[in-house]
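Peer 1: only geometry, no sequence info:
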């Protein structure tokens with residue numbers, strides 16, 4: 001196996017010159033030409049300056065850039081919308097930046113195949129709006145929808161609020177086109193759902209965080225546009241009631257469950273008290289809050305069935321109280337409470353955030369253990385817990401004013417310790433990047449890590465693609 005160079009490399013003016021000669025000054029920019037440009041993602045991880053910025057306009061540009069970099073062993077970091085939270089798009093020193101911002105646009109929509117072919121630099125919101133205009137829905141949805149790109153969504157296998165019904169990003173894709181480290185182009189942009197013709201390179205590259213290839217195009221699956229969306233805000237007496245409500249809703253609602261967002265009281269009380277534009281959907285306090293959504297194709301039947309279901313749950317005592325959205329603005333007001341983390345930068349600076357997952361049966365106990373152990377060390381800390389229960393994804397945010405700079409690793413040791421003990425995942429939907437390198441082994445066995453390294457060595461033997469990310473040294 002080839003020796004893997006360190007991610008910290010000396011700038012190579014020769015490589016930059018060759019890139020500029022091959023692709024032109026309008027594609028390859030020098031540091032003084034992109035001075036002031038944002039280079040870091042949203043992870044707040046340290047970030048160096050790239051030695052050059054390559055902004056390709058097509059797949060052939062990407063292939064040429066990678067072929068040249070591969071010939072010289074030059075490290076490359078691919079960047080999308082820079083909304084990542086794990087440091088996967090940051091620079092460790094001496095890399096070339098490969099930004100796909102100019103590879104932006106929808107190439108075609110196939111209404112018969114219910115598919116859309118897009119360039120990887122296209123923002124998620126543009127895809128959503130184009131699908132809607134064509135009479136379909138693209139179900140992936142994230143708070144960063146206006147900035148995050150399809151390529152970044154694929155590289156991190158993004159999740160979001162609708163995973164419970166539609167799956168992760170990899171479930172929204174029929175095929176991808178990508179460029180390997182040596183400049184080879186793979187992927188046929190096929191539109192079939194069934195395609196058992198050997199190793200599934202599509203799913204291997206999705207979620208690889210730019211360490212195996214650069215994704216340049218994708219054929220996305222479109223779904224029927226829901227004709228009816230029913231939304232309720234629920235107050236529940238205990239965690240058993242939360243899991244029972246999820247199971248009963250999945251069994252009883254004709255259109256199933258399209259969102260099931262759970263909020264612990266600490267989160268609910270915090271955002272309601274800090275954001276005056278939010279209004280409380282229910283009177284009184286409750287042990288848990290659930291935003292329940294069901295979307296389907298039969299407006300009349302769905303509305304009646306949804307209301308009957310809530311009435312039944314109230315009569316049984318499974319729900320302590322519930323508010324039914326009677327308009328789109330009501331539903332938007334409910335979602336505004338769940339989307340409040342978008343204000344964290346202003347509301348809770350210095351926070352330590354977690355994106356972990358467990359089996360659905362273990363989520364309640366995992367949250368209890370984390371909060372209990374955190375309180376033992378930091379009794380006055382703000383602890384916010386919420387998540388997508390339908391897929392076991394738990395978000396935990398911890399902050400205490402004026403705590404020492406060395407506190408974050410201690411907080412991480414508590415939460416990741418519980419995650420490892422309970423067989424959970426240290427990254428549910430944000431990836432590993434640089435932020436979670438040291439804890440990856442809590443969720444992956446030595447044999448699994450060895451297999452991942454073997455795949456990396458086979459596809460990127462010189463370790464030029466996003467070195468120092470995803471896989472620990």
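Peer 2: Yep, that arrived. Computed from a prediction, not measured in an experiment: that's the story for all the values here. Numbers count the residues shown, from 1 in each chain.
Peer 1: for the chain, longest helix please?
Peer 2: Counting by DSSP state H, the longest helix found in the chain is helix 299-316.
Peer 1: which outside residues touch whatever helix or strand comes next after that one?
Peer 2: Using DSSP states H and E, the helix or strand that follows helix 299-316 towards the C-terminus is strand 321-324. With C-beta atoms under 8 Å, 6 or more residues apart in numbering as the test, strand 321-324 has contacts from 230-235, 281-284, 286, 306-307, 310, 313-314, 330, 334. For glycine as for every other residue, the C-beta is placed from the backbone atoms N, C-alpha and C.
Peer 1: of these, buried ones?
Peer 2: Of the members of the contacts of strand 321-324, the ones counted as buried by neighbours, 16 or more other C-beta atoms under 10 Å, are 230-235, 281, 286, 306, 310, 313, 330, 334.
Peer 1: Just those residues: which are in strands?
Peer 2: Of those, the ones assigned to strands by DSSP state E are 230-235.
Peer 1: before we move on, back to that, please state the offset of the longest helix of the chain from the chain centre?
Peer 2: Centroid separation between helix 299-316 and its chain, computed with C-alpha atoms, centre = their mean, to the nearest Å, is 32 Å.
Peer 1: helices or strands up against that helix?
Peer 2: Secondary-structure packing of helix 299-316 (3 or more C-beta pairs under 8 Å, 6 or more residues apart in numbering; DSSP states H and E): strand 228-236, helix 239-252, strand 288-296, strand 321-324.
Peer 1: For that helix, buried residues please.
Peer 2: Buried residues in helix 299-316 (16+ other C-beta under 10 Å): 302, 305-306, 309-310, 313.
Peer 1: neighbours around residue 13, how many?
Peer 2: When neighbours are counted by other C-beta atoms under 10 Å, residue 13 registers 11.
Peer 1: typed the wrong thing, it's residue 444
Peer 2: Using other C-beta under 10 Å, residue 444 has 18 neighbouring residues.
Peer 1: Residue ranges of each domain in this protein, please.
Peer 2: If you go by automatic domain parsing, the domain ranges for the chain are 106-224, 228-342, 348-430.
Peer 1: With mean pLDDT as added columns, please give those domains in JSON lines.
Peer 2: Shown next, in JSON lines, are the domains of the chain (pLDDT from 0 to 100):
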{"stretch": "domain 106-224", "mean pLDDT": "95"}
{"stretch": "domain 228-342", "mean pLDDT": "95"}
{"stretch": "domain 348-430", "mean pLDDT": "94"}
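Peer 1: nearest to residue 454, of those domains?
Peer 2: When these are compared by C-beta to C-beta, domain 106-224 sits nearest residue 454, at 11.9 Å.
Peer 1: that older thread, export the buried ones among the contacts of strand 321-324 to TSV and tack on distance to residue 58?
Peer 2: Listed next are the buried ones among the contacts of strand 321-324 as TSV, based on distance: C-beta to C-beta, whole Å:
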residue	distance to residue 58
230	44
231	42
232	47
233	47
234	49
235	53
281	49
286	54
306	47
310	52
313	54
330	45
334	43
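Peer 1: ok, so of those residues, who is nearest residue 206?
Peer 2: Checking those against residue 206 with C-beta to C-beta, the nearest one is residue 231 at 30.2 Å.
Peer 1: what about the closest one, distance to residue 45?
Peer 2: Computed as C-beta to C-beta, to the nearest Å, the residue 231 to residue 45 distance reads 36 Å.
Peer 1: Likewise for residue 254?
Peer 2: Distance of residue 254 to residue 45, given as C-beta to C-beta: 45 Å.
Peer 1: These two - which one has more neighbours?
Peer 2: Using other C-beta under 10 Å, the more surrounded residue of residue 254 and residue 45 is residue 45, with 18 against 14.
Peer 1: And what about that one, helix, strand or coil?
Peer 2: Recorded secondary structure, residue 45: coil (DSSP: H, G, I helix; E, B strand; the rest coil).
Peer 1: Isn't it up against residue 435?
Peer 2: Yes - using C-beta atoms under 8 Å, residue 45 is in contact with residue 435, at 5.8 Å.
Peer 1: Residue 38 contacts residue 82, correct?
Peer 2: Yes - proximity of residue 38 to residue 82 meets the contact threshold set by C-beta under 8 Å, at 6.4 Å.
Peer 1: The two: who's more crowded?
Peer 2: residue 82 (20 against 9).
Peer 1: Mutual contacts of residue 45 and residue 435, please.
Peer 2: Common neighbours of residue 45 and residue 435 (criterion: C-beta under 8 Å, 6+ apart): residue 87.
Peer 1: Tell me where the stretch 301-450 of the chain has helices.
Peer 2: For the stretch 301-450 of the chain, the helices defined by DSSP state H, counting those that start in this stretch occupy 328-338, 344-347, 363-377, 407-421, 446-459.
Peer 1: How far off centre is the first one?
Peer 2: If you compare the mean C-alpha spot of helix 328-338 with that of the full chain, they lie 21 Å apart, counting by C-alpha atoms, centre = their mean.
Peer 1: With the third one instead?
Peer 2: Centroid separation for helix 363-377 versus its chain: 24 Å, with C-alpha atoms, centre = their mean.
Peer 1: Repeat that for the fourth one.
Peer 2: A distance of 21 Å separates the C-alpha centroid of helix 407-421 from that of its chain, computed with C-alpha atoms, centre = their mean.
Peer 1: Please tell me how far residue 392 sits from residue 353.
Peer 2: Distance, residue 392 to residue 353, by C-beta to C-beta: 17 Å.
Peer 1: Most distant residue from the centre of the protein?
Peer 2: Using C-alpha atoms, centre = their mean, the residue of the chain lying farthest from its centre is residue 315. It sits 37.7 Å away.
Peer 1: Quick check, residue 149 in contact with residue 100.
Peer 2: Yes - using C-beta under 8 Å, residue 149 makes contact with residue 100 at a distance of 6.8 Å.
Peer 1: In terms of helix, strand or coil, where does residue 176 fall?
Peer 2: Put simply, residue 176 is strand when judged by three-state DSSP.
Peer 1: Quick check: it touching residue 212?
Peer 2: No - counting by C-beta under 8 Å, residue 176 does not reach residue 212; the two are 11.7 Å apart.
Peer 1: who touches both of these two?
Peer 2: Common contact partners of residue 176 and residue 212 (C-beta under 8 Å, 6+ apart): residue 205.
Peer 1: how about the nearest residue to residue 75, chain neighbours excluded?
Peer 2: residue 95 (4.3 Å; C-beta to C-beta, 6 or more residues apart in numbering).
Peer 1: residue closest to the middle of the protein?
Peer 2: Relative to the mean C-alpha position of the chain, the nearest C-alpha, by C-alpha atoms, centre = their mean, is the one of residue 158, at 3.4 Å.
Peer 1: Return the distance of it relative to residue 330.
Peer 2: To residue 330, residue 158 is 28 Å away according to C-beta to C-beta.
Peer 1: re the thing from before, single out the most deeply packed of the domains of the chain.
Peer 2: Per-stretch averages of neighbours, counted by mean count of other C-beta atoms under 10 Å, single out domain 106-224 among those, with a mean of 20.
Peer 1: start to end distance for it?
Peer 2: Chord length of domain 106-224, first to last residue, is 19 Å (C-alpha to C-alpha, to the nearest Å).
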